[in-house]
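K.L.:
No sequence on hand, only this structure:
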């Protein structure tokens, strides 16, 4: 087995999309002759309200080993410093206090284990700074894995000086890494357009991957069954369920539609949205709060339609949420409330699913009515070709592509 060192603050048992994706990918990589060691955060050093799920651990028969490193990020002194000087929360992120401890653990492992290469997973961006320091120390082949844009992120609104510092960090990482992986062409194009053309040879596109579920018996659809739509995950920045709630308010004015569907929100959703639903008199929305991974999986399996809700964007959206790829495992119709041009929309259109702009409340309402109507007559079904397209996003395909990149940089 070839040894790989991975740097990922996010890792099970912590329940984060990034945690799930990284552990899933590394476990699948063992099928290609790699034995990964992971340096990750020790969740016991963080706030006690962290939601954990031990079932997410994927040790792959002992081939994936994790080395947990404590972090001081939740110490009152550190949190107070970030409140006092907000720039410390985005240079590069609040996890910066973990960097030195993580680097020392990586250096210690490298001193006793012969690794062929290492990979850093962001976010958080601190992981890449650990990787940069390790590259300078060891010269090992290095892959920097990006799930989102860094310096170009629309979710960071700060001073010009801070933005310049973030750009300098990103530039140094991409310049020194032997390969840079992005999860969508759109993200890669946005990030790399400002860099020398010769750096493009480092770029590889490897989308998120899902784990196939055991084959289940497909029961005949029951006409007039209550339509259940499910959304899993949280909301932050400009990503909000408010347009959906306003659309539901319009739909429920027709009592016949009001009693024909319900929407379940599963995840860490701010109470303001439940309060908005109550003010609007919406009775068919259920806010269930954070849950275990298994509970979220079960909700998706029982759903009739899965919801993707993205932030609005004046330009094509570069984001391809891992949630969308995870949804493919359930063989369910998906309604994409997402910019109609961009990474998510491209995938949904190839799959044959509809998209509606997050700011188009009347359009969202029309799609809900259409789904209810199809459900009433037993015509809620998957588009032709769904299985073939979805199959391309299985985690084994992502692992095979990562193996190819590793082979290339370790020749």
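P.N.:
Sure thing, it's come through. Not measured: the values here are computed from a predicted model.
K.L.:
any weak-confidence spans in the stretch 151-300 of the chain?
P.N.:
Along the stretch 151-300 of the chain, the parts satisfying pLDDT under 70 run over 215-224.
K.L.:
All the strands of it, residue numbers only.
P.N.:
Using DSSP state E, counting those that start in this stretch, the strands of the stretch 151-300 of the chain run over 179-182, 203-205, 227-232, 261-266, 285-289.
K.L.:
buried sites along the first one?
P.N.:
Spelled out, that is strand 179-182. The neighbour-count check on strand 179-182 (16 or more other Cβ atoms under 10 Å) flags 179, 180, 181, 182 as buried. (Glycine included, C-beta is placed from N, CA and C.)
K.L.:
That one - contacts with which helices or strands?
P.N.:
Contacts defined by 3 or more Cβ pairs under 8 Å, 6 or more residues apart in numbering; DSSP states H and E place strand 179-182 against strand 142-146, helix 185-192, strand 203-205, helix 395-409.
K.L.:
List the strands paired with it, with their directions.
P.N.:
Strand pairing for strand 179-182, using DSSP bridges, gives strand 142-146 (parallel), strand 203-205 (parallel).
K.L.:
Out of those strands, flag the one nearest residue 277.
P.N.:
Across the strands paired with strand 179-182, residue 277 has its closest neighbour in strand 142-146 (35.3 Å, Cβ to Cβ).
K.L.:
Distance from the chain centre to that closest one, please.
P.N.:
Averaging C-alpha positions (Cα atoms, centre = their mean, to the nearest Å) puts strand 142-146 16 Å from its chain's average.
K.L.:
and the angle from that strand to helix 395-409?
P.N.:
Strand 142-146 and helix 395-409 are oriented at 140 degrees to each other (axes from the mean of the first three to the mean of the last three Cα atoms, to 10 degrees).
K.L.:
can you give me how far stretch 302-321 is from the chain middle?
P.N.:
Computed by Cα atoms, centre = their mean, the separation of stretch 302-321 from the middle of its chain amounts to 12 Å.
K.L.:
Can you get me the start-to-end distance on it?
P.N.:
Terminal residues of stretch 302-321 lie 21 Å apart, using Cα to Cα, to the nearest Å.
K.L.:
that older thread, quick check: which of the strands paired with strand 179-182 is buried the most?
P.N.:
Of all the strands paired with strand 179-182, strand 142-146 carries the top mean neighbour count, a mean of 25, counting by mean count of other Cβ atoms under 10 Å.
K.L.:
Averaged pLDDT, that strand. What do you get?
P.N.:
Throughout strand 142-146, pLDDT has a mean value of 98.
K.L.:
pLDDT wise, what is the spatially most central residue of the chain at?
P.N.:
Residue closest to the mean C-alpha point of the chain, counted by Cα atoms, centre = their mean, is residue 322 at 3.8 Å. On the pLDDT scale, residue 322 is placed at 93.
K.L.:
So what's the gap between stretch 34-46 and the chain middle?
P.N.:
Computed by Cα atoms, centre = their mean, the separation of stretch 34-46 from the middle of its chain amounts to 18 Å.
K.L.:
Give the buried residues for it.
P.N.:
In stretch 34-46, counting by 16+ other Cβ under 10 Å, buried: 34, 35, 36, 37, 38, 39, 40, 41, 43, 45.
K.L.:
pLDDT added to those residues, as JSON lines?
P.N.:
Converted to JSON lines, the buried residues of stretch 34-46 look like this (pLDDT from 0 to 100):
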{"residue": "34", "pLDDT": "98"}
{"residue": "35", "pLDDT": "98"}
{"residue": "36", "pLDDT": "98"}
{"residue": "37", "pLDDT": "98"}
{"residue": "38", "pLDDT": "98"}
{"residue": "39", "pLDDT": "98"}
{"residue": "40", "pLDDT": "98"}
{"residue": "41", "pLDDT": "97"}
{"residue": "43", "pLDDT": "94"}
{"residue": "45", "pLDDT": "94"}
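K.L.:
Return the closest of the residues you listed with respect to residue 394.
P.N.:
Nearest to residue 394 among the buried residues of stretch 34-46: residue 34, at 17.8 Å, using Cβ to Cβ.
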